[in-house]
Structures are given as structure tokens and as C-alpha cells.
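Enquirer: Any chance you could fold what I've pasted below:
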Amino acid sequence: PQAPGMSSRRHQPKPGDLIEVKRPLYQHWALYLGDGYVINVTPVDEGAPSLSVSIVSIFTRKAKVKKQLLKDVVENDDWEVNNKYDRSRTPLPVREIIRRAESYIDMEVTYDLLGNNCEHFVTMLRYGAGVSDQVS
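Expert: Numbering: from 1, shown residues only. Purely as a prediction, here's the structure:
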């Protein structure tokens, strides 16, 4: 039987492809590395927030760049390959995309929903510049 989350698979992703994961409230983005693995940015949970947490720190937090299996990232959500900016931007050569991506694995990055989200990260790897239309 087909695993859940695999039904909307448009085609096998190729290395360097952007993967859009349809989470209930937002889209999560990852970049396909090959052999079933993706690279993506995951927020680092620093424990329970204190009462003095400012609104800025809710939107600006640490995140870690992780190499994970696509199926572990997607879990039961739908996903598709979505290189949507290829119309307006030229992707870097695949070897360059993968080289750049691998240099970030296990690095800690600052993460904020408006300026530097998971979509900015993967588009920066693919095109050399971060873009996101989730923030308009």
C-alpha cells in the first residue's frame, strides 16, 4: 500500500529541487540533496519561554540546518517539487547547489519568519539569493 503523504508526489525529486511541504498552517521548504535526503532549517527549541520574552524573540530564534530523510521531514503531510522561481531566476549548477547546501549542515542560523525563513534558506541555496512570497 502507498504510504501516506506520498499521494501528491508529482515526480521523483532531483538533487537541487525545492520541496514544498504543505503543513496545516504554513508551507515548510526543504532542498533535495539526493538518495532520499533533504536539507532544511528547523527551529531550535530553547525550552519554555519566560514571561519576559519579547515579541521580537518569538520571531527571531535560533534554528539548525539539518540533513534529514525526506520522509521524516514530510511525515504525513502532502508535498511536491516546486521550483516556482525558475521562471524568473536561473538556478545555480546542481553541483554548486549541493556543495553550498552541505556546507550548512549542522550550522546554527538565526531564523525569523519575516526575513529569513525556511523558504529563504532553500532559495538562497538554489538561486544564490533568498526569496519568499510567503511574506508579502
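
Enquirer: Which is the succeeding secondary structure element to the helix or strand bottoming out on mean pLDDT in the chain?
Expert: Lowest on mean pLDDT, DSSP states H and E among the helices and strands of the chain sits helix 55-59, with a mean of 52. The C-terminal neighbour of helix 55-59 among helices and strands, as given by DSSP states H and E, is strand 60-69.

Enquirer: what's that following strand in contact with?
Expert: Strand 60-69 has contacts (C-beta atoms under 8 Å, 6 or more residues apart in numbering) with 33, 36-44, 46, 102, 104-112, 121. The way it works is simple: take the backbone N, C-alpha and C, and place the C-beta from them, glycine included.

Enquirer: can you give me the strands for this structure?
Expert: 18-22, 27-34, 37-43, 60-69, 78-81, 108-112 (DSSP state E).

Enquirer: so which of these gets nearest Arg95?
Expert: Set against Arg95 and scored by C-beta to C-beta, the strands of the chain come closest in strand 27-34, at 11.2 Å.

Enquirer: Pull up the pairing partners for the closest one, direction included.
Expert: strand 18-22 (antiparallel), strand 37-43 (antiparallel) (DSSP bridges).

Enquirer: Adding mean neighbour count, distance to Lys66 and mean pLDDT, write those out as JSON lines.
Expert: Below are the strands paired with strand 27-34 laid out as JSON lines (neighbours: other C-beta atoms under 10 Å; distance: least, C-beta to C-beta, whole Å; pLDDT from 0 to 100):
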{"stretch": "strand 18-22", "mean neighbour count": "20", "distance to Lys66": "14", "mean pLDDT": "95"}
{"stretch": "strand 37-43", "mean neighbour count": "20", "distance to Lys66": "5", "mean pLDDT": "91"}
